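# Structure of the sequence below:
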Amino acid sequence: MRVMNIPNTLTISRIVIIPVFITAMIYGRYRYGLCLFVLAALTDMLDGLFARLTDQKTALGTFLDPLADKFLLVSSFILFSVYGWIPRWFTVIVISRDLIVVIGWFLLYLVTQNSRVEPVLLGKLAIALELAMLAYVLLGLNFSGLPPVPGFVLLLIAAVTAGSGLQYIYKGFKITNAF
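Predicted structure coming up:
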């Protein structure tokens, strides 16, 4: 199977879009930022769809796809919190969860020599909610009149994000027979 197929090309495109998106946001080009963010989200949706429909899953794609997601999310959350568009505590929760997942994966690999960890449903939900919240903030930057994200929504997304981190910890302990 060829490594450079449509799904991997879409994933690499998403990685290339991220610094352009960040640059657009830093220079106040919020409409470009919104378009690039939507484009990145579409490539995320399409790469998985193409990989499944055409049976073109590769080891490279399995590694790069979640990495591209992490790059987009972490860079967006840092940027959005620095500019005051979202609370800093929220960014700390999101990045902490991502660190738990990445460090946990690394430790599991060291212990089990297995690099494959299946995502949990709560983790997928957390990422979807985080992306939707970021998109909403971007819409608010582009279209005046949108209210800020309500506090209870932030708390709900933070709880789902933290819960998914705990679920990954539990799953890691279970895989290693730690309890």
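# what about the protein, any weak spots by pLDDT?
1-3, 115-117, 178-179 (pLDDT under 70).
# Spatially central residue in it, please.
Asp69 (3.7 Å; Cα atoms, centre = their mean).
# looking at it, that residue is touching Asp44, isn't it?
Yes - using Cβ atoms under 8 Å, Asp69 is in contact with Asp44, at 6.5 Å. Where C-beta positions appear, they are placed from N, C-alpha and C, glycine not excepted.
# Next, the buried residues of the helix or strand harbouring Trp105.
Using DSSP states H and E, Trp105 maps to helix 88-112. Judged by neighbour count using 16 or more other Cβ atoms under 10 Å, the buried positions of helix 88-112 are Phe90, Thr91, Ile93, Val94, Ile95, Arg97, Asp98, Ile100, Val101, Gly104, Trp105, Leu108.
# Could you name the helices and strands sitting against that helix?
helix 59-82, helix 121-142, helix 151-175 (3 or more Cβ pairs under 8 Å, 6 or more residues apart in numbering; DSSP states H and E).
# Residues touching it, excluding its own?
By Cβ atoms under 8 Å, 6 or more residues apart in numbering, the residues outside helix 88-112 that reach it are 70, 73-74, 77-78, 80-81, 114-115, 117, 123, 126, 130, 154, 157-158, 161-162, 164-165, 168-169, 172, 175-176.
# Give me the buried subset of these.
Neighbour counting by 16+ other Cβ under 10 Å classes 73-74, 77, 80-81, 117, 123, 126, 130, 154, 157-158, 161-162, 164-165, 168, 172 among the contacts of helix 88-112 as buried.
# what's the neighbour count on Ile26?
When neighbours are counted by other Cβ atoms under 10 Å, Ile26 registers 12.
# for it, what are its contacts?
Leu79.
# now it: how far from Tyr83?
9 Å (Cβ to Cβ, to the nearest Å).
# re earlier: mind putting the helices and strands packed on helix 88-112 into CSV with distance to Pro19?
Below are those laid out as CSV (distance: least, Cβ to Cβ, whole Å):
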stretch, distance to Pro19
helix 59-82, 8
helix 121-142, 16
helix 151-175, 25
